[in-house]
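> kindly generate the corresponding structure for this input.
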Amino acid sequence: MPRKVLIVGGGDGGTILANRLVKKLPANQVEVEVIDKSDVHWYQPGYLFVAVGEAEAGDISRKRPSTLRKGVKFTKAEVERIDLDNREVTLKDGSKKGYDYLVIATGSTINYEEIPGYKEGADHIWTFEAAMKLREKLFSIKEGKVVVGIGGLAYKCPVAPLEVAFLADELFRRRGVRDRIEMKYISPIDRPYGPKLLNEVIEEEMKRRGIEPVTFFSVDYVDAEKKVVNSLEGDSLEYDILVLTPPQKGADVIFRSGIGDDEGWVSVDKHFLNVQGYDDAFAIGDATALPTPKTGVIAHFQAATLANNLAVEITGEGIREMFDGQSFCVIETGFGKASAQVSNYYNSTAPGLIPNWLLHAMKLAMNKMYWKCILTGMI
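Take a look at the predicted model:
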């Protein structure tokens with residue numbers, strides 16, 4: 001009998017894992033099913049380009065079944081509860097699904113309530129609808145104050161707010177209004193970006209572009225009526241457009257199932273990705289409590305590692321691999337250039353690269369390769 005691998009969540013990690021598994025193993029060895037409440041797959045890094053008018057919905061979305069290889073079963077449903085002890089998943093309609101191996105790839109959800117006034121007064125790029133709303137504002141503002149930066153600390157893609165600031169600056173310059181717009185970038189630490197060597201590159205770029213860093217600014221609440229963002233340190237900034245990373249938490253099903261920490265993240269072994277205390281359940285991507293960025297690249301590398309290890313487990317052949325926290329991040333800085341950084345569990349001090357056209361071209365190439373090569377498990 002084939003072994004049943006049930007994947008809860010059809011985002012980057014869940015889709016890549018499913019496709020790699022059916023590519024590696026024949027149908028008489030593995031049965032793979034992906035469950036997700038939505039039948040649309042979004043390329044989330046594309047939301048940045050939507051916000052600045054360089055991409056539309058059709059460029060960054062596909063029907064989920066079309067992203068899965070032949071041999072992967074897709075079920076559109078919401079998971080109500082995960083029972084790790086009984087190897088059982090309960091759907092919202094009350095039906096149940098068993099498994100031999102479970103993979104939790106439920107991602108994260110936006111927790112607007114963590115910052116009072118956020119939903120009414122701030123913008124972001126973490127959904128298509130939000131990116132379109134921000135786009136309208138970026139293309140209509142003619143003068144005023146634009147504040148971009150870090151709101152909640154657990155958020156997707158550490159460099160995303162930096163990219164928003166740089167691409168907004170480029171857009172304002174192309175529109176001929178930049179000299180009438182004051183731009184600030186807020187950060188809760190003593191610099192705009194955490195890793196020091198890349199931060200040197202970021203700060204130099206901000207200085208050159210006239211974007212003022214405001215450090216030690218931990219967002220407390222937003223006064224949408226007065227258009228003021230306030231910090232825990234007692235400082236306040238006025239704005240006409242406020243773009244903040246929205247606070248994130250784990251998926252609701254993790255809370256309902258009692259299998260995560262206080263913020264809904266699932267604890268897993270940092271190398272083999274199994275849920276702590278279980279050898280038949282795993283978690284990948286944004287759903288984990290690992291000390292890694294919540295990015296599609298991390299989900300991609302974790303899915304590749306886990307696909308190999310599940311194949312070894314099922315067939316009894318081959319060697320298990322260890323995930324080492326590997327991440328590769330390309331950072332758009334505007335005007336056809338980008339920087340980048342490589343890191344893993346053991347080294348986050350790699351130098352940031354001076355923005356150049358080659359890295360920008362690489363990012364655009366990855367955007368194109370995503371659907372045909374990355375998501376399908378070819379690379």
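> quick one, phi psi at residue 158?
phi -60, psi -30 (degrees, to the nearest 10).
> look up the closest residue to it, ignoring the ones flanking it.
In space, not counting the residues next to it along the chain, residue 158 is nearest to residue 293; the distance is 5.1 Å by CB to CB, 6 or more residues apart in numbering. Glycine gets a C-beta too; all of them are placed from N, C-alpha and C.
> cool, residue 42 as well?
Nearest residue to residue 42 in three dimensions, chain neighbours excluded: residue 61, at 5.1 Å (CB to CB, 6+ apart).
> check residue 356 too.
Setting aside the residues directly before and after it, residue 356 is nearest to residue 337 in space (CB to CB, 6+ apart), at 5.7 Å.
> I'd say that neighbour and residue 361 touch.
No. At 9.8 Å, residue 337 does not count as touching residue 361 under the criterion of CB atoms under 8 Å.
> compare these two (neighbour count), which wins?
For residue 337 versus residue 361, neighbours defined as other CB atoms under 10 Å are more numerous around residue 337 (19 against 13).
> against residue 357, how distant is the more buried one?
Here the criterion is CB to CB, to the nearest Å. By it, residue 337 lies 6 Å from residue 357.
> likewise for residue 192?
Distance of residue 192 to residue 357, computed by CB to CB: 23 Å.
> those two - which one has more neighbours?
Neighbour comparison, residue 192 and residue 357: the larger count goes to residue 192, with 23 against 11 (by other CB under 10 Å).
> list phi and psi for that one.
Here the main-chain torsion angles of residue 192 (degrees, to the nearest 10) amount to phi -60, psi -40.
> quick check: closest non-adjacent residue to it.
Beyond its immediate neighbours in the sequence, the residue positioned closest to residue 192 (CB to CB, 6+ apart) is residue 213, lying 4.8 Å away.
> who does the one you found bridge with?
The residues paired with residue 213 through beta bridges, assigned by DSSP bridges, are residue 185.
> number of residues surrounding it?
Here the number of neighbours of residue 213 (other CB under 10 Å) works out to 20.
> can you check the one 5 residues further on too?
By the measure other CB under 10 Å, the count of residues near residue 218 is 15.
> can you tell me the helix or strand for the residue found closest to residue 103 once you drop the neighbours it is linked to in the chain?
Nearest residue to residue 103, sequence neighbours excluded (CB to CB, 6+ apart): residue 7, at 4.5 Å. With the criterion set as DSSP states H and E, the secondary-structure element containing residue 7 is strand 3-8.
> and the strands in the stretch 1-150 of the chain, which stretches?
In the stretch 1-150 of the chain, strands defined by DSSP state E, counting those that start in this stretch lie at 3-8, 30-36, 40-42, 61-63, 72-76, 79-83, 88-91, 96-98, 101-104, 108-110, 144-149, listed in chain order.
> okay if I get the ones you listed as JSON lines plus mean neighbour count?
Output for the strands of the stretch 1-150 of the chain, formatted as JSON lines (neighbours: other CB atoms under 10 Å):
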{"stretch": "strand 3-8", "mean neighbour count": "23"}
{"stretch": "strand 30-36", "mean neighbour count": "23"}
{"stretch": "strand 40-42", "mean neighbour count": "18"}
{"stretch": "strand 61-63", "mean neighbour count": "13"}
{"stretch": "strand 72-76", "mean neighbour count": "17"}
{"stretch": "strand 79-83", "mean neighbour count": "19"}
{"stretch": "strand 88-91", "mean neighbour count": "18"}
{"stretch": "strand 96-98", "mean neighbour count": "14"}
{"stretch": "strand 101-104", "mean neighbour count": "28"}
{"stretch": "strand 108-110", "mean neighbour count": "21"}
{"stretch": "strand 144-149", "mean neighbour count": "21"}
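> closest to residue 166 out of these?
Set against residue 166 and scored by CB to CB, the strands of the stretch 1-150 of the chain come closest in strand 144-149, at 9.3 Å.
> what packs against the helix or strand following that closest one?
Remark: after strand 144-149, the chain's next helix or strand is helix 160-175, criterion DSSP H and E. Under the contact criterion of 3 or more CB pairs under 8 Å, 6 or more residues apart in numbering; DSSP states H and E, helix 160-175 touches helix 46-51, helix 128-140, strand 144-149, strand 181-186, helix 196-209, strand 211-214, strand 241-244, strand 327-334.
> and residue 343, what is it in contact with?
For residue 343, the residues meeting the contact criterion (CB atoms under 8 Å, 6 or more residues apart in numbering) are 195, 325, 326, 327, 329, 350.
> emit the ChimeraX select command for whichever of the residues you listed are buried.
A single ChimeraX command is used to select the members of the contacts of residue 343 judged buried by 16 or more other CB atoms under 10 Å:
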select :195,325,326,327,329
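> perfect, I'm done here.
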